[in-house]
Structures are given as structure tokens and as C-alpha cells.
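A.B. asks: the amino acid sequence is not available; the structure is as follows:
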């Protein structure tokens, strides 16, 4: 029982950065832009959040800094792919290389790169003791609560029920028709990419400001790529995408626990760490066949 | 679309900023302008820094050869990426393919008792095999089930790194030092040095042979014609009777194999063992090289030499001026974004000159148009995913 409760609690915790990242990517892709800058945006969110929290002593300012970095990253991606109409794959990879490079450059400048600096991270919220053995389920980080109670339902509602969401879907599906209907295609894509970038950066900052309290190199370790896979796995629908994030996090949390069980000691833990990535690929292979991409996926829009 | 290979006319002179060489020069200048900010923040003079980056590495025999050493792996990953992109296959997994090539090379390098003339070619082949193997999964998923190769090749990069770590912390942990490094490869497995007092090794020659061979295959053979046709328009290619799936599969495997050879070269020519730092992102740098080289082999060669120069310069600038060597990655990322942006602007200009609003097919830049994607055939590229 305790094992199950702990596993579910850890799953929610480990799913948090993926939920932010994958929801952010969903917005970008629903507007018609594949943002491979996600890995770098999460990385820069993790670093900038940490650096600002460390220098100012305020975790909230750190979070704000990460959001600003995410907005800037999103608008840079938008400038390249929307304004200039540059290739989305290469722009995204370039953004990731640049943002990881900048983060590591400033990390070296500020902290010298010798010993790991630490901050007091956001604490996990205390669950009332009345919950008994279920308490671990509810003693989560504030950012986890926000992710599942605010961001997920909010992102679903905005995308599916609000006029902004309708515009995002319209420019991602058929920009010509959207344009004819008076929707500003470029502006909508900018907003979707910036909103997405901010969410991705919060996902990265979750590692430094909540989970770890420190910044280490390779801190994102491919989770941005995982988020992109989850978006395809979830067929660009918020709830399915979040379900995929929970699946990945469950496998991830399970392998962490398998390591300490007898009989598994001989399996190198690196192979167990690789397991969630392979599960995502298998999940894609099973459910991702011939999925229907957003109509204007990868296509820049120019009036003709 | 014509399937006949033609020498394309060059409408603009070399002096124009919109010719390919002109565009690359503008991209480099813009990049230096943009990266002056971080350099100033590091308390250094940008002009001094650029002199360190570009000129200093070319001022001594030793450092010129070091530039060639640094260019070796990225010549190969750049070729691997350019080949795949030309064929319309978005292989972003050169990093993982390089690592698996390095693993196979390190394994073969520990076999003793073989003569060097046998073991060295064996290691090169083994590296190619390892890289090709790592590229196989995503390629099959793509052609059989229509699974986007961008995601799967990307996801396999961290998996390959974890595989390296598992080996280095497990069976291959150095028995003498206890460090997470594989045992040193045997003497007969080492790539011969090409020159006295230099680290330049056989891998550079191998890379040049691969570049020339791939350039020949792409531009002069039926296989290359099919590859280019699929890259430009899978539907058109299918209509012309080309087996699109088979072409994509071969493109992916060749690309992975070339990246794998890069890994073998780093193991057998440089480190003489597998380490977890065997590649500081050579696979991703390959994307920069391929884009800057506008997906042509002469371009890739020049771009790899240029980035090799920058890499040697970045580490010497770090020591001389106190700039963190991570600036190298900042310059690479900026250069990639500036180049892809300028290529898009050029395409937009060309398109505007022909018919407003249309996406350009100007003859000069067919190759780079593929890297910019988003041609009218992007529909078809999507369709190419269907089995």
C-alpha cells in the first residue's frame, strides 16, 4: 500500500516538468509550429530560475525570470519560423544549442563551475495528518498543484473553449481560411509560441527551484524531446498529452524504486534510466501510427 | 520538378550578399556582432576574442593541424546530417549514432592479437555498423508505420549516452584506475598518426574520403538521384517510379553509419578508449555544419574546417582571455540561427521576384531550400510518412 501511494506521489512529482513542457509544446504545434527549442528552453528556464533565485534570494523572482526567458525564447522561435518562415527543425535545434550554450556560459561566469551552488528550494506542501497513509499523495510542490489544478484544466479550456484557442487551432489547421476570417495568423502564432515557451521554462525551473535546489549540467537530459513525443502520442489533445506524461513519469518513478529491490541490483541503473525513453518510443510505435498532424504543421504562412 | 541532373546557373555574382558564399560571410559577421554581448560580459574585448577564435589557430603548424583534428568528427557528422536532409530524412540522432559507433569501436579495439592492417579497417566498419544499427529503429518506424523520425532519433540520443555510462560504470570500468573509462584499446587498434608531432590521425583521411564519396554518390549516381528526388518531393518521386521507402531506409542507414565512423575515429584516433565525454555534441554540431554548408559536400567541408578553427580558437581564447570555452556553443547556436534565417530571407526574396507570395524554387538554392523545408512539397513530405 505504501509502495503504491509513494509511487503515485512520485509519478505526480516527476510528471510535473513534463506537463508544463508538453502543454507548452502542444500550444506551439497546434498553431502550426514544431518547437524543437523546447529542450533548450527548459534548460534555460532551469538555469535562469536558479541564477536569479541565487542572486536575489527570492524563489519567486527566479520563477519570474524563467518565465521571461521562456517568453523571449518563444518569440525568437516565432521570429525565425513565423516572420522569416525559416525551417522549423533547424531553427528549433539552433535555439536549443544556443540556449544550452548560453546557460552553460553564464553558469561558468557566475559560479565558476567548480562546486555546485545550492539554494533552499520551494518546499513540498504539508498534507494534513488526518489523511494518514494517503498523506504523501497530497504533500506535493506548489508547482505540481498548479500544474494539475490550474495549468492542465486552464490550457484545455483555453484551447478548446476560448476564442484565442479557436484562433490557435484555426491558424494551425488552415491559415488561409483563418486569415480570410480576419484572424491575424502571425500574431496568433507568436502568442502561442510565447505562451508555450513560458510553460516550457517553468517546467525546467521546476528542477532547480523545487526538486533539486541546484543547477547541474545536463539537468534536462532529453525531457524536452520526451515532451515532443508525448504531444504526438497525445495527438495534440491536452488531456491525452497529460496522460502520456503520467505514463512516462510512472515508468520513471518505478525504475527508481526497482533499483533498491533485491534481484535488480545487477541491472545497471543507467539501463533502467533508459527505460522510460524506450517506453515512449514503443508507445509512439503502437499508438502514433499515421496520426493526423495539424493541417499547417511545419508550414510557414505567406499571403498570396 | 526535373529529375535530370543539370548544372544550375548562378544568377547572382559571387559578390552579391545573396550568393551562397556571400550569405555565409554575412552570417558569420552577424554572428560575431551578436556574440559580442556575452564576450563583453565576460570582461573581454570582442575584437581580441575574434582574433583568438579565427586567426590565432592558423598561426602555427601545430594549431593548424589541431584545427584539422577538431574538424575530423564534425566533417563526418556534417556529412551524415547533410546526406539525410538532402534525402528528406530528418535524422537528428547523429549524436546517438556516433556514440554507438564509438561503443562498437571500443569493443573491437580491446581484441588483441590482430595485425593493425586488419584491426583498423575492422574498427571503421564496426563503427559504421554501430551507427547504422542505431539509425535502423527510427528508420523502420518511419517507413513502416509513419512514425516521425525527428522524435525517435532525438529520443535515442540520451539513450545512447546512458548506454555508454552503463558500460563505463559497469563491465568496462577501468580495472587499473577505477575511473569510468573503458580499458585502453590495444596498439594494433590505434589509427596511425598522419604526421610527426601532431595528433592528426587516419580518421581525417577517412573523413575526406567519405565526403568525396558521398558528394559523388549524391550528384553522379542513380542512387543519389533517387535520394534527391525523394528529398525534393516524395510524391513526385513515387510517381516517377522510385521506391520511396527503400530510398529513405538506405539514406537513414548511410547517415547513421557515417556518424558511427565519427565515433570510431574519436575512440581509435584520439582518446584510445571510450569515455563518457567522447562527444561534446558533435552530432548536433553536424547540423550546424550541414546547414552552414547548405547541404553540399564542398560546403560541408568548408563549414567543418571553419567550425574546427572556431573550436580550437574557443579553447585558446578561454585560456588567453578568460572567456568560458562554452562560448563555442553560443557561437555555434547563433551561427545556425542566423544562417537559417538568412536562407529563409533569400528564399522569400527570390519567391517575391518571381511571383508574390509563392514559395521559391529558385534554381540557385535548390539544396538549401530543402534544408529550409517548407517548400510547396511539404504536403508531400507529410504524405511520405504514410506507409
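C.D. replies: Perfect, thanks for sending it. In this text the structure is predicted, and so the values were computed from the model without any measurement.
A.B. asks: and residue 108, what element?
C.D. replies: Using chain A here. Of the helices and strands defined by DSSP states H and E, residue A:108 is found in helix A:88-111.
A.B. asks: let's do chain B instead
C.D. replies: Residue B:108 belongs to helix B:94-109 when assigned by DSSP H and E.
A.B. asks: and that helix, what's its mean pLDDT?
C.D. replies: For helix B:94-109, mean pLDDT is 98.
A.B. asks: now it: how far from the chain's centre is it?
C.D. replies: Averaging C-alpha coordinates over helix B:94-109 and over its chain gives two centres that are 16 Å apart (C-alpha atoms, centre = their mean, to the nearest Å).
A.B. asks: ditto for stretch B:80-91
C.D. replies: Using C-alpha atoms, centre = their mean, the distance from the centre of stretch B:80-91 to the centre of the chain it belongs to is 10 Å.
A.B. asks: just give me the neighbour total for the nearest residue to residue A:128 once chain neighbours are set aside.
C.D. replies: Excluding the flanking residues, the one nearest residue A:128 by C-beta to C-beta, 6 or more residues apart in numbering or on different chains is residue A:135, at 7.5 Å. In this view, the C-beta of every residue, glycine as well, is placed from N, C-alpha and C. The local packing of residue A:135 (other C-beta atoms under 10 Å in any protein chain shown) involves 15 other residues.
A.B. asks: give me every residue that touches residue A:135.
C.D. replies: Residue A:135 is in contact with A:127, A:128, A:129, counting by C-beta atoms under 8 Å, 6 or more residues apart in numbering or on different chains.
A.B. asks: so which of the residues you listed comes closest to residue B:187?
C.D. replies: Distances from the contacts of residue A:135 to residue B:187 were compared by C-beta to C-beta; the smallest belongs to residue A:127, at 62.7 Å.
A.B. asks: give me the phi and psi for residue A:118.
C.D. replies: With angles defined as degrees, to the nearest 10, residue A:118 shows backbone torsions of phi -130, psi 150.
A.B. asks: what sits against it?
C.D. replies: Shown here is residue A:118, whose contacts under the criterion C-beta under 8 Å, 6+ apart are A:213, A:214.
A.B. asks: which stretches of the chain have low pLDDT?
C.D. replies: Because you didn't say which chain, this covers chain A. Low-confidence regions of chain A, defined by pLDDT under 70, span residues A:1, A:113, A:263-266, A:304.
A.B. asks: wrong one, I was asking about chain B
C.D. replies: B:1-16, B:353-387.
A.B. asks: the same query, at a cut-off of 50, please.
C.D. replies: Regions of chain B meeting the criterion pLDDT under 50 cover residues B:1-14, B:355-365, B:373-387.
A.B. asks: in it, which helix has the most residues?
C.D. replies: With residue count as the measure and DSSP state H as the assignment, chain B has helix B:116-145 as its longest helix.
A.B. asks: which elements pack onto that one?
C.D. replies: In terms of contacts (3 or more C-beta pairs under 8 Å, 6 or more residues apart in numbering or on different chains; DSSP states H and E), helix B:116-145 is packed against helix A:269-287, helix B:94-109, helix B:149-169, helix B:244-265.
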